[in-house]
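Colleague: here is the input, now give the coordinates:
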Amino acid sequence: MTATTQGLQLRTGSRILGNLVELLSSMRFAISLLTVICIASVIGTVVKQREPLNNYINQFGPFWTDVFGSASLFTVYSAWWFLLILAFLVLSTSLCIIRNTPKILSDYKVFKENIREQSLKSFPNRAENTLAELPEAAAHRIGQTLLSSGWKVKLQSRSTPQGQGWMVAAKKGVANKIGYLAAHSAIVLVCIGGLLDGDLMVRAQMWFNGKTSYNGGGLIADVPAQHRLSPQNPTFRGNLLVTEGTSSGTAILTQSDGVLLQDLPFSVELKKFIVEYYDTGMPRLFASEIVIHDHETGEKKAARVEVNHPANHRGINIYQSSFDDGGSKVKLQAFPMGEAVAPFEVSGVIGGTSALSNGSNKLTLEYTGLRVINVENFANAGGGAGADVRKVDLRTSIESRLGAGHKTVTEKTLRNVGPSITYKLRDAAGQAVEFHNYMLPLDLDGARMILLGTRESPAEPMRYLRIPVDDQDGIDGFVRLRSALADPAMRDEAVRRYAAGAVEPGKPELTQALVASAQRALGLFAGVEKVDVKAGGASPEPEIKGGLQSVSAFLEANVPEAERERASDVLVRILNGTLFELLQISRERAGQKPLERDDAAQQFMSRVVLSLSDSFYYPAPVTFQLKDFQHVQASVFQVARAPGQTIVYLGCLFLILGVFAMLYVRERRMWVWLSPQGDGASLASMALSSNRKTMESDREFELLKTQLLKAQA
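Modeller: Sure thing, here's the model as predicted:
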């Protein structure tokens with residue numbers, strides 16, 4: 001059978017209909033459809049599907065988000081044009097099968113024994129020899145030899161001028177043509193299964209049954225019927241979130257403009273959620289112990305659902321998809337980051353909110369996430385950022401860039417640093433800032449630090465404020481010092497103590513000058529003295545709120561460049577001494593003993609000065625530390641009724657069989673013409689035809705020539 005790109009030639013009087021059928025059934029049209037499907041599949045793989053709209057806006061911008069959204073590139077596999085292409089591919093491939101099946105079946109049955117003797121001379125693999133036996137005897141011998149080798153044989157007797165001749169026609173590997181039908185049928189079956197298990201049925205109910213997407217809020221039980229699908233819905237795939245100790249019987253089907261609710265014929269109760277972790281902190285196993293409550297019979301069936309091990313009830317598969325927080329209860333301790341406000345506690349539930357007020361400033365605290373395990377890599381903790389040229393190892397440098405299975409330079413030191421809380425503070429205008437704070441201190445650069453993370457957009461990475469812990473391994477020492485820095489009376493007392501300890505008695509002029517310098521340094525650092533910064537360019541300079549930035553700006557504006565280094569050393573020394581006295585005052589008022597003036601205190605002060613300087617740019621008046629929590633987990637199931645699953649599996653089986661038949665089964669046909677030569681002899685003309693010209697075919701022909709014609713190879 002010769003391959004052709006033309007389609008089915010319909011015998012009809014309508015030229016337009018005939019051309020349309022020929023186009024739809026042609027190979028060129030099917031290949032074009034497959035090309036478009038491949039391109040669409042690549043887009044669906046590269047572009048994340050069914051993400052929240054804000055994620056696409058952050059990634060592509062508003063303009064391209066609208067363009068891509070109008071083309072349904074965010075929901076490629078359920079887009080109307082993608083389903084239409086699949087339908088046309090089914091139609092085109094089906095017409096191809098209809099066009100070629102009669103030819104294939106006809107070829108499968110016939111032996112082509114009527115081939116002429118002259119035609120055998122045109123085959124590449126041909127041979128002739130004189131046999132010392134009559135044509136009939138030779139034909140039966142050759143036929144028996146071929147039958148024993150797995151060939152199908154047919155003998156034909158012909159009358160010739162020389163006498164009665166015989167044609168031996170044989171064939172082998174005809175399953176190659178069946179492979180063509182199997183492979184093309186597989187495409188049809190897989191596409192039909194995909195259409196059945198896709199959104200086609202759901203879309204049909206939205207088009208013809210009045211179902212619409214729901215984009216509101218409230219309880220699931222209050223959602224109107226026009227947004228719900230019947231339990232008898234023949235095909236669907238949705239998500240079901242169940243919290244430990246509760247049950248649910250309504251799945252969520254995400255749509256481009258909202259959701260649809262799929263009522264199930266049963267409810268799933270989550271008894272226990274089990275999660276195990278690798279050393280890296282990634283989940284190694286998560287499974288759910290569930291009880292299925294049948295609504296019709298009242299039957300209760302216990303089951304365990306794991307990844308790749310779903311449960312099944314009433315033809316609906318329940319897959320373990322992921323897990324989430326089920327409404328954990330958290331207790332947060334609020335610490336002021338500026339004014340001397342007394343710390344307070346606030347309690348809430350993950351996913352809930354709490355209202356906060358600071359005078360006329362109204363804030364909403366949104367509890368967004370709780371992580372009980374945070375595994376971090378501490379392999380290079382404390383390491384410097386620079387490279388010592390005396391320690392450069394060429395071998396190590398090369399190995400670090402090669403893809404070896406074991407790299408000694410990339411070993412990790414993984415450690416679980418404990419729980420963390422993620423929350424948002426939203427102002428009255430609706431603008432929100434996200435925060436991520438660790439519950440326990442972390443060992444960083446040889447010191448224990450509390451990390452307070454913040455970002456203003458989900459597209460940005462977290463930026464962390466490092467706060468050194470005090471001698472009680474807590475954040476209270478820093479908070480007291482930060483509040484004392486905002487208190488004018490405590491600042492004045494710290495300046496007085498510093499001047500009294502730094503100047504010998506009896507030198508009032510020197511004391512007065514030191515007091516003035518210390519007040520200026522502490523005022524600049526506290527942000528109460530503003531620095532007039534002149535913009536050097538077209539864009540305005542960022543606002544300086546305090547900290548070391550304010551001290552640096554003051555020096556640049558008021559001290560000549562030649563004297564700036566010496567003046568900065570003096571000013572920083574005065575600032576550190578004043579801040580240490582301020583720390584001692586804050587400890588006294590808290591009922592704690594003063595710190596000893598040793599190396600540990602000096603290192604603590606050097607770190608706390610940097611943290612205080614950065615804290616002026618912390619985007620909230622308070623920070624919240626996780627004090628206690630009650631972890632409640634939830635399991636996310638994917639529930640699916642997939643009638644096309646069996647059809648797809650059957651199509652995959654057909655595809656495997658078809659591909660193997662077409663690639664590894666060679667169709668061969670052989671003819672041996674035996675004509676009488678007198679004296680009991682006959683002349684044998686032999687030819688072999690194969691659908692693929694290979695060296696194996698040549699070897700097989702030489703072997704057959706030796707066996708059948710008794711000729712030497």
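
Colleague: looking at this structure, which helix or strand is least sure?
Modeller: Among the helical and strand segments of the chain, the one scoring lowest on mean pLDDT, DSSP states H and E is helix 394-399, with a mean of 50.

Colleague: run through who's touching the following helix or strand past it.
Modeller: Next along the chain after helix 394-399, taking DSSP states H and E as the criterion, comes strand 414-416. For strand 414-416, the external contacting residues (CB atoms under 8 Å, 6 or more residues apart in numbering) are Asp279, Thr280, Gly281, Ile373, Asn374, Val375, Glu376, Asn377, Phe378. Yep, even glycine has a C-beta here, placed from its N, CA and C like the rest.

Colleague: parallel or antiparallel, list what pairs with strand 414-416.
Modeller: Strand pairing for strand 414-416, determined by DSSP bridges: strand 375-377 (antiparallel).

Colleague: hmm, who's touching the strand it pairs with?
Modeller: Contacts for strand 375-377 (CB under 8 Å, 6+ apart): Tyr277, Asp279, Thr280, Gly281, Lys412, Thr413, Leu414, Arg415, Asn416, Val417, Leu442.

Colleague: give me the buried subset of the contacts of strand 414-416.
Modeller: Applying 16 or more other CB atoms under 10 Å to the contacts of strand 414-416, the neighbour count classes Gly281, Asn374, Glu376 as buried.

Colleague: give the contact list for the closest residue to Thr75 other than its chain neighbours.
Modeller: Nearest residue to Thr75, sequence neighbours excluded (CB to CB, 6 or more residues apart in numbering): Ser256, at 5.3 Å. Residues near Ser256 by CB under 8 Å, 6+ apart: Gly69, Ser72, Phe74, Thr75, Ser213.

Colleague: just the ones of those in helices?
Modeller: Assigned to helices by DSSP state H, the following of these qualify: Gly69.

Colleague: of the contacts of Ser256, buried ones?
Modeller: Ser72, Phe74, Thr75.

Colleague: I'd like these as TSV, with distance to Leu84 appended.
Modeller: Formatted as TSV, the buried ones among the contacts of Ser256 follow (distance: CB to CB, whole Å):
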residue	distance to Leu84
Ser72	12
Phe74	18
Thr75	14
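
Colleague: pLDDT check: weakest of those residues?
Modeller: The member of the buried ones among the contacts of Ser256 with the lowest pLDDT is Thr75, at 84.

Colleague: please verify my assumption that it contacts Glu51.
Modeller: No - using CB atoms under 8 Å, Thr75 is not in contact with Glu51, being 10.1 Å away.

Colleague: turn the contacts of Ser256 into JSON lines, columns for distance to Tyr617.
Modeller: Converted to JSON lines, the contacts of Ser256 look like this (distance: CB to CB, whole Å):
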{"residue": "Gly69", "distance to Tyr617": "37"}
{"residue": "Ser72", "distance to Tyr617": "43"}
{"residue": "Phe74", "distance to Tyr617": "36"}
{"residue": "Thr75", "distance to Tyr617": "41"}
{"residue": "Ser213", "distance to Tyr617": "43"}
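
Colleague: going by distance to His313, which of the contacts of Ser256 wins?
Modeller: Ser213 (27.2 Å; CB to CB).

Colleague: sorry, back to before: ramachandran angles for the residue nearest to Thr75?
Modeller: With angles defined as degrees, to the nearest 10, Ser256 shows backbone torsions of phi -70, psi -30.

Colleague: which pLDDT value goes with it?
Modeller: pLDDT, Ser256: 72.

Colleague: now do Ser697
Modeller: Looking at Ser697, its pLDDT reads 88.

Colleague: what about it, how many neighbours?
Modeller: Residues within reach of Ser697, counting by other CB atoms under 10 Å, total 18.

Colleague: three-state assignment of it?
Modeller: Under DSSP: H, G, I helix; E, B strand; the rest coil, the three-state class of Ser697 is helix.

Colleague: do you know the pLDDT at the closest residue to it other than its chain neighbours?
Modeller: What sits nearest to Ser697 in space, not counting adjacent residues and going by CB to CB, 6+ apart, is Ser690, at 4.4 Å. For Ser690, the pLDDT comes out at 90.

Colleague: could you do Glu113 as well?
Modeller: 89.

Colleague: from Arg669, how far off is it?
Modeller: Going from Glu113 to Arg669 by CB to CB, to the nearest Å gives 10 Å.

Colleague: so between those two, which is more surrounded?
Modeller: Comparing Glu113 with Arg669 by neighbour count (other CB under 10 Å), the higher total belongs to Arg669, at 22 against 15.

Colleague: now do the SS call for that one.
Modeller: Going by three-state DSSP: Arg669 is strand.

Colleague: hang on, isn't it packed against Ser689?
Modeller: Yes - applying CB under 8 Å, one finds Arg669 in contact with Ser689, separated by 4.6 Å.

Colleague: so, low pLDDT: which residues of the stretch 201-350 of the chain?
Modeller: The model of the stretch 201-350 of the chain has pLDDT under 70 over residues 339-341.

Colleague: which residues in it form strands?
Modeller: Here the stretch 201-350 of the chain has its strands, by DSSP state E, counting those that start in this stretch, at 228-229, 236-243, 247-255, 258-277, 283-294, 300-306, 311-313, 316-325, 329-336, 344-349.

Colleague: same list (the ones you listed) but as CSV, adding mean neighbour count and distance to Leu120.
Modeller: Output for those, formatted as CSV (neighbours: other CB atoms under 10 Å; distance: least, CB to CB, whole Å):
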stretch, mean neighbour count, distance to Leu120
strand 228-229, 20, 67
strand 236-243, 20, 60
strand 247-255, 18, 66
strand 258-277, 18, 67
strand 283-294, 17, 68
strand 300-306, 14, 65
strand 311-313, 16, 61
strand 316-325, 18, 59
strand 329-336, 19, 89
strand 344-349, 14, 88
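
Colleague: quick one: closest of those strands to Asn576.
Modeller: Evaluated over those, closeness to Asn576 peaks at strand 329-336, with 23.2 Å, by CB to CB.

Colleague: how much space separates Gly173 from Tyr77?
Modeller: Distance from Gly173 to Tyr77, by CB to CB: 39 Å.

Colleague: domain map for the chain?
Modeller: Domains of the chain are assigned by automatic domain parsing as 15-107, 125-173+666-709, 223-234+236-325+633-641, 327-378+412-470+623-631, 478-532+544-594.

Colleague: now tabulate those in CSV and tack on distance to Gln118.
Modeller: Shown next, in CSV, are those (distance: least, CB to CB, whole Å):
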stretch, distance to Gln118
domain 15-107, 22
domain 125-173+666-709, 10
domain 223-234+236-325+633-641, 62
domain 327-378+412-470+623-631, 78
domain 478-532+544-594, 100
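
Colleague: tell me which of the ones you listed lies nearest to Phe616.
Modeller: domain 478-532+544-594 (4.3 Å).

Colleague: how far does the closest one stretch from start to finish?
Modeller: Separation of the first and last residues of domain 478-532+544-594 by CA to CA, to the nearest Å is 15 Å.

Colleague: could you give me the buried positions within stretch 56-68?
Modeller: Buried residues in stretch 56-68, counting neighbours by 16+ other CB under 10 Å, are found at Tyr56, Phe60, Thr65, Phe68.

Colleague: same deal with stretch 355-366?
Modeller: In stretch 355-366, counting by 16+ other CB under 10 Å, buried: Leu356, Leu363, Leu365, Glu366.

Colleague: report the longest helix in the chain, please.
Modeller: Per DSSP H, the chain has its longest helix at helix 80-109.

Colleague: so after that one, what's the next helix or strand?
Modeller: Next along from helix 80-109, by DSSP H and E: strand 125-131.
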